[in-house]
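Asker: Quick check, what structure comes out for this input:
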Amino acid sequence: MKISHKTEPGENLVEIENLHFAFGDNEVLRGIDLAIPKGKVVGILGVSGAGKSTLLKLIGGQLRPQRGCVRFAGNVVHELDQDGLYELRREIGMMFQAGGLFSDLSVYENIAFPMRELTDLPEEIIHDLVLMKLHAVGLRGASQLMPNALSGGMARRVALARAIALDPVLTIYDEPFAGLDPISLNVIAQLIRRLTDALEATSIVVTYDVSETLKIVDYAYLIHDGKVVQAGTPEELEHSANPSVDQFIHAKADGPVAFHHPSPPYASDLELDASR
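Answerer: Predicted coordinates for the structure are as follows:
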């Protein structure tokens, strides 16, 4: 089954309905419903282990749901054959959580790689496009550097440039702010916003970083315990009366989201150890 673009301007690019997924007995997603409108920046928030990365794999077709469905451009992802999935993935740019740059290729070659692999563009066009993408992220002067010569913030910007190398319909940013200093973090956040608007594209920002994300997204979903517990604009999330949302958004230590993994009472464990 080949993928066909059925969406019209203003419609949702991605639609997820009653999505369930489990790794064995570990039920990760328990009935997720959400939509990603075209031309918007949408945040998917949640603590580590909430199922955010699993959700991305279901959108890209690396995993298949036990129940429910994911639609991309009107097509049910898990019903696509290999050719259909290949076409779908060509429409998606991905900024990986760890950057994912090829360590043996220069910055220039990293950006050129998807252009050479997925298009028949001549080298002179690729050259201009690579410099254009690097200029967009402020790193045209670093084109000949190797990844090991880049700071963490620079490496993230190169990864961002590669994610948008082919002007994808959808760009997914998986934890784009992790491990960055405040200046680099702000630069990356603003780049995501500006590039999405300039390319008239759609972006998904998957993260646990609240403060920067809510500054740039149009809409956000908070996932907890395998479900969407709140959806809305940044202002709506910031003023939510839901205790789980309030705790997460405002980084409160006490609340429904427990710090400790479920376990017997601490005192009972100590007594058991003493009796041995």
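
Asker: What segments of the stretch 101-250 of the chain are strands?
Answerer: For the stretch 101-250 of the chain, the strands defined by DSSP state E, counting those that start in this stretch cover 170-174, 202-207, 219-224, 227-232.

Asker: from those, which stretch is densest packed?
Answerer: strand 202-207 (a mean of 25; mean count of other Cβ atoms under 10 Å). Quick note: C-beta positions are derived from backbone N, CA and C, even for glycine.

Asker: mean confidence for it?
Answerer: For strand 202-207, the mean per-residue pLDDT is 92.

Asker: and what of stretch 56-70?
Answerer: 92.

Asker: what about it, start to end distance?
Answerer: 10 Å (Cα to Cα, to the nearest Å).

Asker: again with stretch 94-104
Answerer: 20 Å.

Asker: okay if I get the strands of the stretch 101-250 of the chain as JSON lines plus distance to F248?
Answerer: What follows is the strands of the stretch 101-250 of the chain, written out as JSON lines (distance: least, Cβ to Cβ, whole Å):
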{"stretch": "strand 170-174", "distance to F248": "18"}
{"stretch": "strand 202-207", "distance to F248": "12"}
{"stretch": "strand 219-224", "distance to F248": "6"}
{"stretch": "strand 227-232", "distance to F248": "9"}
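
Asker: Quick check: which of those strands is nearest to L150?
Answerer: Set against L150 and scored by Cβ to Cβ, the strands of the stretch 101-250 of the chain come closest in strand 170-174, at 18.0 Å.

Asker: what separates the closest one from the chain centre, distance-wise?
Answerer: 4 Å (Cα atoms, centre = their mean, to the nearest Å).

Asker: Next up, the contacts around L185.
Answerer: 153, 177, 209, 212 (Cβ atoms under 8 Å, 6 or more residues apart in numbering).

Asker: List the buried residues for the longest helix anywhere in the chain?
Answerer: Counting residues, the longest helix found in the chain (DSSP state H) is helix 182-199. Neighbour counts over helix 182-199 (16 or more other Cβ atoms under 10 Å) mark 184-189, 191-193, 195-196, 199 as buried.

Asker: Using TSV, lay out these together with pLDDT.
Answerer: Shown next, in TSV, are the buried residues of helix 182-199 (pLDDT from 0 to 100):
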residue	pLDDT
S184	80
L185	84
N186	86
V187	84
I188	84
A189	89
L191	86
I192	89
R193	92
L195	86
T196	90
L199	83
